[in-house]
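**Student:** Fold the following and give me the result.
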Amino acid sequence: MAIPVLTLESMRSWEADSWAEGILEEEVIARVGQQIGERIMEATIPGDSVLLLAGMGHNGDDVRAACRWILEREITLINFRDPISQLPYLESALARAPSLVVEGLFGIGLNRPLTGAWESIVGLVNVCNSPTVAIDIPSGLHVDDGKPLGIAIKADQTWTVGAVKTGLLKPDASQFVGRLEVLSDVGLLRLEDVSSPLFYGEASDFAGFQSGRSLESNKGTHGYVMLFAGSSGYHGAAVLAARGATQARPGLVELATHEAVYGPVAAQLQNVMVHPVKKLFLIPAKATSVVIGPGLASKALPQELRAQVVETWESLSAPVIVDATALDWIPSGRPVTEALRVITPHPGEAARLLGVKASEVQADRPRSLRQLSEKFGNCYVVLKGHQTLVGNSTSRLYVNPSGNPSLAQGGSGDILAGYLGGLLAQQNMASDPLSTLSYGVWAHGHAADECEAHQKMAGFDQFLDKI
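**Tutor:** Residues are numbered from 1 along each chain as shown. This next block holds a predicted model:
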């Protein structure tokens, strides 16, 4: 189930409604403590040392409640009633290089900079070499804007409680949050009843998303994706986009690529129909989705091709996915057809389309996504980057939880564009574009996570195999 992303005000309201319904804080703390303890057990092995840092608020209560669930580990718990007097104990504990540090010093209510002894405490944790987990929110981070209040814990992971807080998803927060996980089943009122325009996806949302195929099915029943990609100097993008499309398992994949790169492109694709293009590409009547853009950056491309892209965007009845250079060719406003339209910009491309700086796009990614969608006729937008955002100007927005910095290399976006096109070519998936796009982005990031879990990702062969 996707998790709502909440402001401090919304989180407090959810808690207050829960208490009003008779839910006891003590029961919630006990439940959170159990989940923290169980995750610590998963993250460590018998004999490991675990250092627990507990403040005097509910965050500290959560950490203290975890102790009973941590077995066969050496536990050190420091309760920070008086930060000055606890400093020597912290220095001594960190000097022993614990296997894991879990901090619950401050929670979402912090609204002042950490100074004096607290600043020293956070500084000591930040320079230690032990993996660090922050509970709910890294201590010192503002819950809504994601900026440090002077200084903040730089965690390797953050286990946030109940729901995702707005500040955890801000670009400024990423260096403090690390890998974000959600302890969602904490005993408060049902998450389904919590209203939010922004949701954080979970792997469980996509279990069984690509179901098995009927015994009576054939290649004609699973969609036909047409790609227009590749030009002089950029033939690799066409190959990667086509390979991404095949990983979505549509019935047929066809690629039209500029004649200058036809040879090297066709030689690398065995299960894709590849055709050279000189001036215009032909879209088969049976095509059920079209992907345009990967590797079309050559200045040698004729103007007729650009005009055809505009016509395709405006009038084709099948879903159209536009990526990379072709984003600059599509017209603003609502297309003539009501068919599905998707754009997949990274922050720099989004900034160019909106006429702003990339930093402005990143400062409020949900707003930027909605502005892009409105500009191009309420199309769906996949705003790439850390925690890729998916949606349109009128839908709820989904924040993708998967992926890692190994995707920050040329070619990963080409694979994603092709993969999304391959999914949307299939009628059962095109009927729910928001879920399908969210799944596609998640699967793409999850493949990178799988690669990183076993070895550093070098090239894209192993990555494609895992999508």
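**Student:** residues in contact with Asn126?
**Tutor:** Ile151, Ile153, Lys154 (CB atoms under 8 Å, 6 or more residues apart in numbering). From N, CA and C alone the C-beta is placed, and that goes for glycine too.
**Student:** can you tell me the helix or strand for it?
**Tutor:** helix 116-127 (DSSP states H and E).
**Student:** want to throw the contacts of Asn126 into TSV with neighbour count, pLDDT and secondary structure?
**Tutor:** Compiled in TSV, these are given as follows (neighbours: other CB atoms under 10 Å; pLDDT from 0 to 100; DSSP: H, G, I helix; E, B strand; the rest coil):
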residue	neighbour count	pLDDT	secondary structure
Ile151	20	97	coil
Ile153	28	98	coil
Lys154	19	98	coil
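**Student:** What is the neighbour count of Ile36?
**Tutor:** 27 (other CB atoms under 10 Å).
**Student:** What separation is there between it and Ala134?
**Tutor:** Taking CB to CB, to the nearest Å as the measure, Ile36 falls 11 Å from Ala134.
**Student:** give me the low-pLDDT residue ranges for the stretch 351-467 of the chain?
**Tutor:** Low-confidence segments of the stretch 351-467 of the chain (pLDDT under 70): 456-458.
**Student:** residue ranges for the strands of it, please.
**Tutor:** 380-383, 389-391, 397-399 (DSSP state E, counting those that start in this stretch).
**Student:** picking up where we left off before, any idea which helix or strand comes after the helix holding Asn126?
**Tutor:** Using DSSP H and E, the first helix or strand after helix 116-127 is strand 132-135.
**Student:** List the pairing partners of that following strand within its sheet, with orientation.
**Tutor:** Partner strands and pairing direction for strand 132-135 (DSSP bridges) are strand 100-104 (parallel), strand 157-161 (parallel).
**Student:** Now do that strand: everything it contacts.
**Tutor:** 36, 40, 43, 59, 62-63, 100-104, 125, 153-159, 161, 176-178.
**Student:** From the residues you listed, keep the buried residues only.
**Tutor:** 36, 40, 43, 59, 62-63, 100-104, 125, 153-155, 157-159, 161, 176-178 (16 or more other CB atoms under 10 Å).
**Student:** who's in contact with Leu51?
**Tutor:** Contacts of Leu51 by CB under 8 Å, 6+ apart are Thr76, Ile78, Ala93, Leu94, Pro98, Leu100, Val101, Val102, Ser130.
**Student:** From the centre of the chain, point out the most distant residue.
**Tutor:** Ser85 (41.4 Å; CA atoms, centre = their mean).
**Student:** Which secondary structure state is assigned to that residue?
**Tutor:** helix (DSSP: H, G, I helix; E, B strand; the rest coil).
**Student:** if you skip the residues just before and after it, what's nearest to Glu72?
**Tutor:** Nearest non-adjacent residue to Glu72, counting by CB to CB, 6 or more residues apart in numbering: Pro46, 4.1 Å away.
**Student:** what's the neighbour count on that neighbour?
**Tutor:** Residue neighbour count, defined by other CB under 10 Å, stands at 9 for Pro46.
**Student:** now do Thr394
**Tutor:** Neighbours around Thr394, by other CB under 10 Å: 9.
**Student:** Find the residue closest to it in space, skipping its chain neighbours.
**Tutor:** Nearest one to Thr394, counting by CB to CB, 6+ apart, is Asn378 at 6.3 Å.
**Student:** separation between the one you found and Ala350?
**Tutor:** 16 Å.
**Student:** can you check Glu72 too?
**Tutor:** 49 Å.
**Student:** Tell me the helices and strands packed up against the longest helix seen in the chain.
**Tutor:** Of all segments of type helix in the chain, defined using DSSP state H, the longest is helix 433-454. Under the contact definition 3 or more CB pairs under 8 Å, 6 or more residues apart in numbering; DSSP states H and E, helix 433-454 sits against strand 380-383, strand 389-391, helix 412-424, helix 461-466.
**Student:** In CSV, list those along with mean neighbour count.
**Tutor:** Shown next, in CSV, are the helices and strands packed on helix 433-454 (neighbours: other CB atoms under 10 Å):
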stretch, mean neighbour count
strand 380-383, 27
strand 389-391, 26
helix 412-424, 29
helix 461-466, 15
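**Student:** quick check, nearest of the contacts of Leu51 to Met11?
**Tutor:** Met11 lies nearest to Val102 out of those, by CB to CB, at 21.2 Å.
**Student:** gap between the closest one and Val277?
**Tutor:** 57 Å.
**Student:** isn't Gly178 right next to Ala155, touching?
**Tutor:** Yes - Gly178 is in contact with Ala155 according to CB atoms under 8 Å; the separation is 4.7 Å.
**Student:** could you dump stretch 331-349 to CSV, C-alpha only?
**Tutor:** Extracted in CSV, the C-alpha atoms of stretch 331-349 (Å, rounded to 0.1, in the frame of the first residue of the first chain):
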residue,chain,number,x,y,z
PRO,A,331,4.0,21.6,-28.7
SER,A,332,2.4,22.9,-25.5
GLY,A,333,-1.3,22.7,-25.0
ARG,A,334,-3.7,19.7,-25.2
PRO,A,335,-3.2,17.4,-28.1
VAL,A,336,-6.0,16.9,-30.6
THR,A,337,-6.5,13.3,-29.5
GLU,A,338,-7.4,12.3,-25.9
ALA,A,339,-4.9,9.3,-26.1
LEU,A,340,-2.3,8.8,-23.4
ARG,A,341,0.7,11.0,-23.5
VAL,A,342,3.8,10.7,-21.3
ILE,A,343,7.0,12.7,-21.0
THR,A,344,10.1,11.6,-19.0
PRO,A,345,12.4,14.6,-18.3
HIS,A,346,15.2,14.8,-15.9
PRO,A,347,15.5,18.0,-13.8
GLY,A,348,17.6,19.8,-16.4
GLU,A,349,15.2,19.0,-19.2
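**Student:** Okay, buried residues for that stretch please.
**Tutor:** So stretch 331-349, judged by 16+ other CB under 10 Å, has buried residues Pro335, Leu340, Arg341, Val342, Ile343, Thr344, Pro345, His346, Pro347, Glu349.
**Student:** now swap in stretch 2-14 and tell me
**Tutor:** Buried, per 16+ other CB under 10 Å, within stretch 2-14: Ala2, Ile3, Pro4, Val5, Leu6, Leu8, Ser10, Met11, Trp14.
**Student:** Next, give me the two most distant ones among these.
**Tutor:** Pairwise over the buried residues of stretch 2-14, using CB to CB, the maximum falls at Ala2 and Leu8, 20.4 Å.
**Student:** follow-up on the earlier one: for Ser18, which of the helices and strands packed on helix 433-454 is the nearest?
**Tutor:** strand 389-391 (28.0 Å).
**Student:** Strand partners (parallel or antiparallel) of the closest one?
**Tutor:** strand 380-383 (antiparallel), strand 397-399 (antiparallel).
**Student:** Need these in a markdown table (columns: distance to Arg249).
**Tutor:** Output for the strands paired with strand 389-391, formatted as a markdown table (distance: least, CB to CB, whole Å):
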| stretch | distance to Arg249 |
| --- | --- |
| strand 380-383 | 20 |
| strand 397-399 | 22 |
